[in-house]
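> Make a model of this:
(one chain, ligands or ions: 1)
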Amino acid sequence: MSDFTALMLHETDGKVTPSIRRLADADLPAGDVTVRVEWSTLNYKDGLILGGLGRLVRTYPHIPGIDFAGIVETSDNPAYQPGDKVVLTGWRVGEIHWGGYGQKARVKAEWLVPLPDGLSTRQAMALGTAGLTAMLAIMALEDHGLSPEVDGEVLVTGAAGGLGSVATVLLARKGYHVAASTGRASQHDYLKGLGATTLIDRAELSGGAAKPLLAERWAACVDSVGGPTLAAVLAGMKMRAPVASCGNAGGIELATTVLPFLLRGINLLGIDSAQCPTARRLAAWSRLAAEMPLTLLDQLTTEAKLADLPELGARILKGDIRGRVVVNVAAGA
Ligand SMILES: C=CC(=O)SCCNC(=O)CCNC(=O)[C@H](O)C(C)(C)COP(=O)(O)OP(=O)(O)OC[C@H]1O[C@@H](n2cnc3c(N)ncnc32)[C@H](O)[C@@H]1OP(=O)(O)O
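Below you'll find the predicted structure:
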């Protein structure tokens, strides 16, 4: 197959428009590995890119899709051979480099990792950037003292979203008590099914912290939301608790004081999955393959095709997507 189908974005007079196109291999950018993409996903960042928001894409026409899994078709790098199954997340693929919403992608070998043992390409993408980021957050919390023996609940904000759903399952399966904060009361039963034991209305947190320090409530936090929510979280953590900052769905500003850090020893940990070093990335994928219950992963995943993405992209920005969406790229439009 030398021609392939892709969802492309074009920009005219500042307006970004998606369309399904047929492309040739010669259209692909430079890179040493060409991958036949089987599955991609929809993440919040993809929603921004599909909507032409956030100044994440600088050059059009563009193929979005911040992550993908597929099979190596050709390789000029000895690390990969034709037929190898691979996964890509991060490295600004789908932003400044063409991404996974095309049936072929050409990338640098060092951006790829081998498909983890025990996962199909579909399951790897059901986890995707959101799942990898959730695991990196949990690893960071554990590096800073969190263990199931620690007294108290682990808070997950944006819990019914993709990252939040995976984090909730992974934490609950490890034996943590999970407090899930969501803006959607309709998803409370879903979150209990993932293992959450306490449900919190996001309005409790999204107004920010009324005082520099609030009652000590949580032993750790995986935060997808940022903004005033993160400020409220920091003020309400138990002594020495770690907080993993993974996302900005609720805003990029952080209006807090130093008191949670000085008087309670709170550790605010930044989670960057896009340029995470390969050794850490491999460790996280290996743990995901071992620790994520695949039946539950399947339950929190819905499937889409390339042509569905413009509508789904608008929905994820409104917080209207539950769990994870995988995109069957191999199936075409
Ligand atoms: C997919 C993950 C990544 O891209 S990780 C890469 C590293 N991080 C970044 O690049 C930051 C940019 N990305 C984000 O901020 C993402 O939102 C994310 C990492 C935090 C989560 O992405 P995901 O794909 O899981 O998004 P969802 O739309 O599925 O879930 C988001 C969750 O947040 C709720 N939410 C949205 N807006 C607000 C708001 N203003 N205040 C509070 N909460 C908000 C949204 O409704 C979802 O949770 P819910 O349970 O429905 O409340």
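
> hmm, stretch 205-221 touching the ligand?
Yes: counting by Cβ under 6 Å from any ligand atom, the ligand is contacted by stretch 205-221 at Ser206. The way it works is simple: take the backbone N, C-alpha and C, and place the C-beta from them, glycine included.

> what's the first-to-last distance across that stretch?
13 Å (Cα to Cα, to the nearest Å).

> got it, and stretch 268-279?
End-to-end distance (Cα to Cα), stretch 268-279: 23 Å.

> mind listing what's buried in that stretch?
Residues of stretch 268-279 classed as buried: 268-269, 271, 273, 276 (neighbour count, 16 or more other Cβ atoms under 10 Å).

> List just the nearest of these to Asp46.
Ser273 (14.1 Å; Cβ to Cβ).

> Hmm, the closest one is touching Gly131, no?
No: Ser273 is not in contact with Gly131 according to Cβ atoms under 8 Å; the separation is 9.7 Å.

> And the pLDDT for Gly51?
Per-residue confidence (pLDDT) for Gly51: 96.

> Next one: the nearest residue to it once chain neighbours are set aside from Gly162, what distance?
In space, Gly51 comes closest to Gly313 once its chain neighbours are excluded; the distance is 5.9 Å by Cβ to Cβ, 6 or more residues apart in numbering. Applying Cβ to Cβ, to the nearest Å, the value for Gly313 to Gly162 is 13 Å.

> For the two, indicate the residue with more neighbours.
Gly162 (30 against 23; other Cβ atoms under 10 Å).

> Whatever helix or strand the residue nearest to Gly51 lives in and the ligand, any residue contact?
Using DSSP states H and E, Gly313 falls within helix 309-317. Yes: Helix 309-317 is in contact with the ligand by Cβ under 6 Å from any ligand atom, via Ile316.

> Let's see the pLDDT reported for the most centrally placed residue in the chain.
For the chain, the residue nearest the mean C-alpha position is Ala130 (1.9 Å; Cα atoms, centre = their mean). Looking at Ala130, its pLDDT stands at 94.

> tell me which element it falls in.
Counting by DSSP H and E, Ala130 is part of helix 121-143.

> quick check: angle from the next helix or strand after that helix to helix 121-143?
Following helix 121-143 in sequence order, the next helix or strand is strand 153-157 (DSSP H and E). Interaxial angle, strand 153-157 versus helix 121-143 (axes from the mean of the first three to the mean of the last three Cα atoms, to 10 degrees): 130 degrees.

> contacts for strand 153-157?
141, 146, 164, 167-168, 171, 176-181, 196-198, 200, 202, 205, 217-225, 229-230, 233 (Cβ atoms under 8 Å, 6 or more residues apart in numbering).

> do the same with stretch 318-326
Residues from elsewhere that reach stretch 318-326 (Cβ under 8 Å, 6+ apart): 39-42, 122, 125-128, 130-131, 160-162, 165-166, 183-184, 187, 190, 249, 297, 299-304, 312, 315-316.

> Is the ligand within reach of that stretch?
Yes: remark: stretch 318-326 sits within contact range of the ligand at 319, 321, by Cβ under 6 Å from any ligand atom.

> Span of that stretch from start to end?
18 Å.

> In it, which residues are buried?
Quick answer for stretch 318-326 (16+ other Cβ under 10 Å): 319, 321-326.

> Looking at the residues you listed, which one is closest to the ligand?
Gly319 (2.6 Å; Cβ to the nearest ligand atom).

> Tell me the secondary structure of that closest one, please.
coil (DSSP: H, G, I helix; E, B strand; the rest coil).

> what do you get for Arg36?
strand.

> hang on, it packs against Gln103?
Yes: counting by Cβ under 8 Å, Gln103 is a contact partner of Arg36 at 6.7 Å.

> Between those two, which is the more surrounded one?
Gln103 (22 against 17).

> From the ligand, how far off is the more buried one?
From Gln103 over to the ligand the distance is 22 Å, taken as Cβ to the nearest ligand atom, to the nearest Å.

> Next: Asp32.
25 Å.

> ok, that residue touching Trp111?
No: using Cβ under 8 Å, Asp32 makes no contact with Trp111, being 10.2 Å away.

> Compare those two and say which one has the larger neighbour count.
Trp111 (20 against 16).

> contacting residues around the more buried one?
By Cβ under 8 Å, 6+ apart, the contact list for Trp111 reads 88, 90-91, 93.

> Quick check: residues of this structure near the ligand?
Near the ligand, when you scan the chain using Cβ under 6 Å from any ligand atom, you find 43-45, 129-130, 133, 158-164, 182-184, 202, 206, 224-225, 229, 246-250, 273, 316, 319, 321.
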